[in-house]
Each structure stands twice: as C-alpha cells, then as structure tokens.
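Trainee: Here is my input, please return the structure:
(2 chains)
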Protein chains: 2
Amino acid sequence: MMTEDVQIILASGSPRRKELLAQMGLAFETMPSDLEEKITGDTPSETVESLSYQKAADIASRIREGGKQQERKKRLVIGSDTIVVCGGKVMGKPRTEEEAFSMLSRIQGRVHAVYTGVTIAIIENDNISYEIFSKKASVTVHSMNEQEIRAYIAKGESMDKAGAYGIQGSFAMFVDEIQGEYSTVLGLPVAGLYQALKKIEESWK
Amino acid sequence: MMTEDVQIILASGSPRRKELLAQMGLAFETMPSDLEEKITGDTPSETVESLSYQKAADIASRIREGGKQQERKKRLVIGSDTIVVCGGKVMGKPRTEEEAFSMLSRIQGRVHAVYTGVTIAIIENDNISYEIFSKKASVTVHSMNEQEIRAYIAKGESMDKAGAYGIQGSFAMFVDEIQGEYSTVLGLPVAGLYQALKKIEESWK
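Mentor: Numbers count the residues shown, from 1 in each chain, chains lettered A, B, ... in the order given. Coordinates of the predicted model:
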C-alpha cells in the first residue's frame, strides 16, 4: 500500500503509534505536534476526532508552508488522540502518581470505554483535505486491590498513558475482556486506518 | 506474585507464550513437550483443555521422575494450546502455504472463535494436581481480497500459527474487532492465568 511518491508523516511522538504504523509496513517520518490542544465536542467521539484533527492540521499547514521544494506530489499527515471514559468521567494522562492511583481505582472491577480519533490530512499541491474517523473499544478490568494498583504504578507504566495503564504491558493481567479493535486501546486503530488509506489511494486512481 | 521457592516451567516453546509469561513478571524456565497430542473432547473448550493438559502432564511427570534432588518444594508446570474454529471447522497450524491460503480465505469477512486451554500442573513432593481452564475470544476479520491474503502469507507470519495468522503482527490491519481477552488469541490468556496462580498461591497460605 502507498507507493513511494506518497510521503507519510505521523503527527505524534508516541512510541506505540510509531510501532503500530511501522507494523503496517508503511515508511513514514514523525513530526509531533506541540500545539496546545483545545478540548471541544459534545461526545467522546467528537472530542477525539477534534483533538486528532488539531494535531494533523497543525503539522499539515506547517508542511504546506515550508515544503514547496519537495518533489513528492502527495503527502499524508496522520494525527491521532485517545481518551478513556469511565462512569461519565473523561480521563487523559495522569500528571502525578496519586492521580494514576485515583484513575486505576476508578477503572478496576468494571467496564470503561476507550476512544481514539484519527485524522488523515491529505496535502496535494496547495490544497489540504481531511479524512476523519474515530473508534471505540470497551475494556473490562478485573477487580484490583490497593496493593495490586500500587505495584502496577511502581512499574512506571502509568504516567504517559490515558487512563493510567498500557494494555500492551503487564496491565494485560487485569484485562478480562476487550470489545473492539485492540489497537484502538493502544492509540491508533490500524484496521480503521488501513481501510481509510485504501480509500484515499483508490480515489487517486 | 510467586515467591522464589516456587519454580515455574512453561511446557511450550512458543516465543509468544514466553513473552506473555515474562510480561507477567514471572521467572520461569521452558521445557517444551514433544508429546504427540491426541485430540479428544466434544467441544472446542474441552479439546483445548485436554491438549493443554497433555502437555503439562507430560512435563510434570518427567520432572517428578527426574527431579528428586531439587531443593525447591513446589513446582508449577504451565501447558497451553490454541485452536481456531470458523464455520464449524477446527483449524490448527497450516502445513503448507496453500493450506494457509485456504484458512485465511475462510476466516476473512466474518467472525471466528479462538479457544485457548491452560493447564497448571502443581507438583508438591510426589503429588501432582491440576488446575485447568479455557477462554474463548471472538475475532471479526475484515474482508480481504486474494491479493491481500497472498501478500500477508508472503510475509511469513502464517506458518506456525493456528488459523494461519498472528494478531500481534501486521494481520491487525484486518482485525475489525475482538471480543474477549487479547492474549487468548495470542495463545496464553494472562488475566485468566494470573487469577488461577493467585488462587493456587492463596491455597498454600
């Protein structure tokens, strides 16, 4: 997928997103957006779509401004953002270990939702168009006692992740079930992205 | 979990199972069973439970015979086996690329079930007791055309896996949804295993 005259830019510095995109067999560069994101949107889906849009649009407009000398005809910028929603409360990344403890205490023993929004900015000459979607996954976490939560936080896997856990690490021991795309929980729904990229590629034929 | 006077042996040579067990923070050795397994059981759950039992029991009895000189009081042997069931057909590992093609053609565009059975053999002195369970996960695969199937097989990720795919690799691009424990699809349900080990540990107190 995606011939060599298409340049792909990931507007994120997340190692998990880089790994997922690499796993898809795509060659890409990373250019994390440092934009102060504004939370907008009435629903979780709208919120993550808007956040992913802000990241992708930030990098896409910077590339369009600076990149006239580029030979490549087409460029795609991928932005993505993830939030966790549990019992009506939206959770981003914890800022302190106490906040991580409070998030994990909330999600243990019940089901929560993970939303990931994806925006693909399509740059062709001076024009930018956008393909935006979001995916939801439900995650059932086994009950955890205080000792288990403290031991998990002590491993250092909480701090840079929405909801204070990383499903790809040792937290898997506490995940009874997920419903949805696993990579949605990781922060980049690869099946959804693959289908969107295929659609864009077909529109170029 | 599991103090140092408990020795854990994984009765499998699968790199994925090793990785999952290591991720749980457990120290263990591997001792793959080379027993010719006999498929028994009326249901998929019974089948994988029986297959996992055969592996664990094979290694556990070998250890009991040979291991009198061991200082450790308690030893646990973990056996595990996975099958894929799609449209009433049970699928193990493909033996040829054509068989992989036929399996992937069958699972594309629909839902299939993955069953993983786990047996923990508990060796205390001359006594062996068993803890056995199985988990099911449902996997929805996006429709794939012949070119996509051939390209996936060409990556070499099909040949040593039940159902001819590995969900942790680039096949994730085609997985729309899973329902169940992700690690069940990988071949060792870590949340189920963690709870079973906790139960065994508590029974020793």
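Trainee: switch to C-alpha atoms for all contacts and neighbour counts from now on
Mentor: OK.
Trainee: And the next helix or strand past the one helix or strand in chain A whose mean pLDDT sits lowest?
Mentor: One helix or strand of chain A scores below all others by mean pLDDT, DSSP states H and E: strand A:89-91, with a mean of 91. Using DSSP states H and E, the helix or strand that follows strand A:89-91 in sequence is helix A:97-107.
Trainee: Show me what the longest helix along chain A is packed up against.
Mentor: In chain A, with assignment by DSSP state H, the single longest helix is helix A:44-66. Other helices and strands packing on helix A:44-66, by 3 or more CA pairs under 8 Å, 6 or more residues apart in numbering or on different chains; DSSP states H and E, are strand A:74-86, strand A:111-124, strand A:127-141.
Trainee: Could you rerun that using 10 Å?
Mentor: strand A:6-10, strand A:74-86, strand A:111-124, strand A:127-141 (3 or more CA pairs under 10 Å, 6 or more residues apart in numbering or on different chains; DSSP states H and E).
Trainee: tell me the angle of the first one relative to strand A:111-124?
Mentor: Right, the one you point to is strand A:6-10. 140 degrees (axes from the mean of the first three to the mean of the last three CA atoms, to 10 degrees).
Trainee: again, but for the last one
Mentor: Direction vectors for strand A:127-141 and strand A:111-124, defined by the same axes, to 10 degrees, enclose an angle of 160 degrees.
Trainee: so what strands line up beside strand A:127-141?
Mentor: strand A:111-124 (antiparallel), strand A:175-180 (antiparallel) (DSSP bridges).
Trainee: Please point out which parts of the first one sit buried.
Mentor: Taking 16 or more other CA atoms under 10 Å in any protein chain shown as the basis for neighbour counts, the residues of strand A:111-124 that come out buried are A:111-123.
Trainee: how about a markdown table for those residues, with pLDDT added?
Mentor: Shown next, in a markdown table, are the buried residues of strand A:111-124 (pLDDT from 0 to 100):
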| residue | pLDDT |
| --- | --- |
| A:111 | 98 |
| A:112 | 98 |
| A:113 | 98 |
| A:114 | 97 |
| A:115 | 97 |
| A:116 | 97 |
| A:117 | 97 |
| A:118 | 98 |
| A:119 | 98 |
| A:120 | 98 |
| A:121 | 97 |
| A:122 | 96 |
| A:123 | 94 |
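Trainee: ok, of those residues, which one's closest to residue B:80?
Mentor: residue A:111 (27.4 Å; CA to CA).
Trainee: partner residues bridging the residue nearest to that closest one when sequence neighbours are not counted?
Mentor: Leaving aside its chain neighbours, residue A:111 sits nearest to residue A:140 (4.2 Å; criterion: CA to CA, 6 or more residues apart in numbering or on different chains). With DSSP bridges as the criterion, residue A:140 is bridged to residue A:111, residue A:177.
Trainee: Settle this for me: residue A:87 is touching residue A:103, isn't it.
Mentor: No: counting by CA atoms under 10 Å, residue A:87 sits too far from residue A:103 to count as a contact (11.3 Å).
Trainee: and the two? which has more neighbours close in?
Mentor: residue A:103 (23 against 11; other CA atoms under 10 Å in any protein chain shown).
Trainee: just checking, that one touches residue A:91?
Mentor: Yes: Residue A:103 is within contact range of residue A:91, at 7.5 Å (criterion: CA under 10 Å).
Trainee: coming back round to it: which residues sit in contact with the residue nearest to residue A:111?
Mentor: Residue A:140 is in contact with A:107-113, A:174-179, B:180-181, counting by CA atoms under 10 Å, 6 or more residues apart in numbering or on different chains.
Trainee: Which of the buried residues of strand A:111-124 sits closest to residue B:8?
Mentor: Checking these one by one against residue B:8 (CA to CA), the nearest turns out to be residue A:111, at 31.8 Å.
Trainee: ok, that closest one touching residue A:139?
Mentor: Yes: Residue A:111 is within contact range of residue A:139, at 5.5 Å (criterion: CA under 10 Å).
Trainee: what touches both of the two?
Mentor: Going by CA under 10 Å, 6+ apart, residues that sit against residue A:111 and also against residue A:139 are A:175-178.
Trainee: Residue A:61: neighbour count?
Mentor: 17.
Trainee: Next up, the contacts around it.
Mentor: A:67, A:77, A:121, A:123, A:126-128.
Trainee: still on that earlier bit, quick check: of the shared contacts of residue A:111 and residue A:139, which has the highest neighbour count?
Mentor: Among those, residue A:175 has more neighbours than the rest - 25 neighbours, counting by other CA under 10 Å.
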